[in-house]
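[1] The following block contains a protein sequence and its predicted model.
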Amino acid sequence: MIRKRQLLGWMAAAPAALTWTGARAQGTRGATAPAPAPAWPTQPLKVMVGFPGGSTPDLAARAISEALAKNLGKPVVVENRPGASGNIAADLVAKSRDNHTIGVLINGNLTVAKLLNRALPFDPARDFAPLSLIGTAPLMLVVAGNATGRTPVELVHWARNLGDKGNYGTPGNGTVGHLGMELIKSKTGITAVHVPFPGNPQVVNALLAGQLQLALLPPGLALPHVKTGRLKAVGITSPGRSSLVPDQPTLRDAEIQGADLEIWTAAAGPASLPKPVVARLSTALVEAIRAPESRQKLLNVGWQAVGTAPEGLANRMKADTAQLGGIILMRGITANS
């Protein structure tokens, strides 16, 4: 009787044992032969730019697009979606889920956008995957060509004497051109009124047409008109002379202290980008930005080429959020003022 019961127990347990053994063997085989990662990219890469064609972010995107396409083995399509100081394009990037859309964005989009407008549908610190810093540049304070004065100090006196009759243009509320001008106003007593435009090319046109008296512009856009005398340069916002415009004075030469600023443009994708895609994109971008031909193209349109790992851009975003956020609080700036 005992043997019969033991035999029946063994027979009942045998299928379970075989099932467990088979599962263990199958699991072992699965662990040693993982499924291959899907290929990326599988379609053209779309690069969103929040400013019009001919603007400095647009020129930066187009300067690296050819080398980036070569590195990725797929076409790179630059798409301009101007408006709201670049935040329309930034929001489209943040909400993209196709894993093939990134943005070439500016300081404001990736730093203080939410500080300026709490109702903004994206948060720079949460909704973007930093990819690479592309280029940096100082800004150049320029005044109308008919301004009275020859030296930087004399031009500042002219701008101050305009009072509220003077105005200055920027590519939008909350851009570095806007925040920088408000910082300069706080240091000089200039009271010019802010007039926002869709982009810097429109600011330049308004200056040349006599509709504006001042602007803080990228050197690449301002210098050609400074050379012809249609605009006059007060100085650049870097602490010392810049290799982009080595002959131009600094704001410190105009006796303006504490107004050091830098603009930059960077590539970022949505926070939903898979880590392998972030790594691939960052590597391809850095190689494209640092390629000799791309470096020269960027220099020609007013950018000092950089190229960083995602961590480098993330650190720059944090530092600039602190600096630009301080200006916002000091001057009470919002997305509408």
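    Right, received. Where do you want to start? Numbering: from 1, shown residues only.
[2] Secondary structure element for the spatially closest residue to residue 260 that is not a sequence neighbour, which one?
    Nearest residue to residue 260, sequence neighbours excluded (Cβ to Cβ, 6 or more residues apart in numbering): residue 239, at 5.1 Å. (C-beta placed from N, C-alpha, C; glycine too.) Using DSSP states H and E, residue 239 sits in no helix or strand.
[3] which stretches of the stretch 1-150 of the chain have low pLDDT?
    Along the stretch 1-150 of the chain, segments meeting pLDDT under 70 span 1-38.
[4] Can you show me the strands along it?
    All strands of the stretch 1-150 of the chain, identified by DSSP state E, counting those that start in this stretch, fall at 45-49, 76-80, 101-106, 128-137, 140-144.
[5] what distance separates the start and the end of stretch 93-106?
    End-to-end distance for stretch 93-106: 13 Å, by Cα to Cα, to the nearest Å.
[6] An error on my part: the question was meant for stretch 194-202.
    End-to-end distance (Cα to Cα), stretch 194-202: 14 Å.
[7] any chance of the strands of the stretch 1-150 of the chain in a markdown table, plus mean neighbour count and distance to residue 298?
    Below are the strands of the stretch 1-150 of the chain laid out as a markdown table (neighbours: other Cβ atoms under 10 Å; distance: least, Cβ to Cβ, whole Å):
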| stretch | mean neighbour count | distance to residue 298 |
| --- | --- | --- |
| strand 45-49 | 22 | 15 |
| strand 76-80 | 17 | 15 |
| strand 101-106 | 28 | 12 |
| strand 128-137 | 25 | 5 |
| strand 140-144 | 27 | 17 |
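[8] Between these, which one is closest to residue 114.
    Nearest to residue 114, of all the strands of the stretch 1-150 of the chain, is strand 128-137, at 11.6 Å by Cβ to Cβ.
[9] partners of the closest one, with directions?
    Neighbouring strands of strand 128-137 in its sheet, by DSSP bridges, are strand 263-270 (antiparallel), strand 304-305 (antiparallel).
[10] Comparing those strands, which comes out most buried?
    Stretch with highest mean neighbour count among the strands paired with strand 128-137: strand 263-270 (a mean of 26; mean count of other Cβ atoms under 10 Å).
[11] quick one on the thing from earlier: of all the strands of the stretch 1-150 of the chain, which lies closest to residue 308?
    strand 128-137 (4.5 Å).
[12] what's the angle from the closest one to strand 101-106?
    40 degrees (axes from the mean of the first three to the mean of the last three Cα atoms, to 10 degrees).
[13] Is the residue nearest to residue 53 when sequence neighbours are not counted bridged to anything, and to what?
    The shortest distance from residue 53 to any non-neighbouring residue, by Cβ to Cβ, 6+ apart, is to residue 80 (5.7 Å). Following DSSP bridges, residue 80 is listed with bridge partners residue 49.
[14] any idea how far residue 80 is from residue 89?
    Taking Cβ to Cβ, to the nearest Å as the measure, residue 80 falls 8 Å from residue 89.
[15] May I ask you to confirm that the residue nearest to residue 53 is in contact with residue 47?
    No: under the criterion of Cβ atoms under 8 Å, residue 80 makes no contact with residue 47, lying 9.8 Å away.
[16] which ones are touching the residue nearest to residue 53?
    49-53, 58, 89 (Cβ atoms under 8 Å, 6 or more residues apart in numbering).
[17] Go through the helix or strand harbouring residue 298 and flag the buried ones.
    Element membership of residue 298 [criterion: DSSP H and E] is helix 292-300. Residues of helix 292-300 classed as buried: 294-295, 297-299 (neighbour count, 16 or more other Cβ atoms under 10 Å).
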